[in-house]
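what's the 3D shape of this:
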Amino acid sequence: MTLSGVKSVLRMSPKATIILFPDYPRFTIADVNVAFLESYSKKPKELIKNGFFEVFGENLEDGDIKSISDSFDHVLTLKTAVETRVHKSTFGSIEQYSKHIYYTDIEVFPVLNENNEVAYII
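Take a look at the predicted model:
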């Protein structure tokens, strides 16, 4: 599937979705859907063509960085989906002084090309 095909499928999804290139260790952001932009209060130019950890790394706790990195590695090596949980207060747009701890589940899965190689990570 081409990047434009992946974008078409995910564009209207109500779930916040980000498309990454499998360019370890950078994981360049290829595109995001509207739900992602709204959920994380970001503009496309802040995200697209930047590395995932360059954009979100300083807002993530060390354990969350490892969980996400391990998920990306899982997808690249095993070519199967995986789910991980991170603190939403550090990854999303929850108010800084909230008395509650929020978590978000992140589903990571590969889009394979015709040679069964990972073409994109969603």
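
Next, the contact list for residue 109, please.
Neighbour list for residue 109: 75, 80, 81, 82, 121, 122 [criterion: Cβ atoms under 8 Å, 6 or more residues apart in numbering]. For the C-beta atoms, the positions are set from N, CA and C on the backbone; glycine is no exception.

rerun at 6 Å
Counting by Cβ atoms under 6 Å, 6 or more residues apart in numbering, residue 109 touches 81, 122.

Could you do residue 22 as well?
So residue 22 contacts 76, 118, 121 (Cβ under 6 Å, 6+ apart).

What of residue 47?
29, 32, 55.

Not counting sequence-adjacent ones, nearest residue to it?
residue 29 (4.8 Å; Cβ to Cβ, 6 or more residues apart in numbering).

and that neighbour, that one's in a helix?
No: per DSSP: H, G, I helix; E, B strand; the rest coil, residue 29 lies outside any helix segment and is strand.

thought it was touching residue 48?
Yes: the pair residue 29 and residue 48 passes the contact test of Cβ atoms under 6 Å, sitting 5.5 Å apart.

Looking at those two, which has the bigger crowd around it?
More neighbours surround residue 29 than the other of residue 29 and residue 48, with 23 against 16 (other Cβ atoms under 10 Å).

tell me the pLDDT at the more buried one?
In this model, residue 29 is scored at 96, pLDDT.

Residue 112 versus that one, what's the distance?
Distance from residue 29 to residue 112, counting by Cβ to Cβ, to the nearest Å: 19 Å.

One more: residue 43?
Distance from residue 43 to residue 112, by Cβ to Cβ: 30 Å.

Those two - which one has more neighbours?
residue 112 (13 against 9).

what about residue 22, distance to residue 108?
11 Å.
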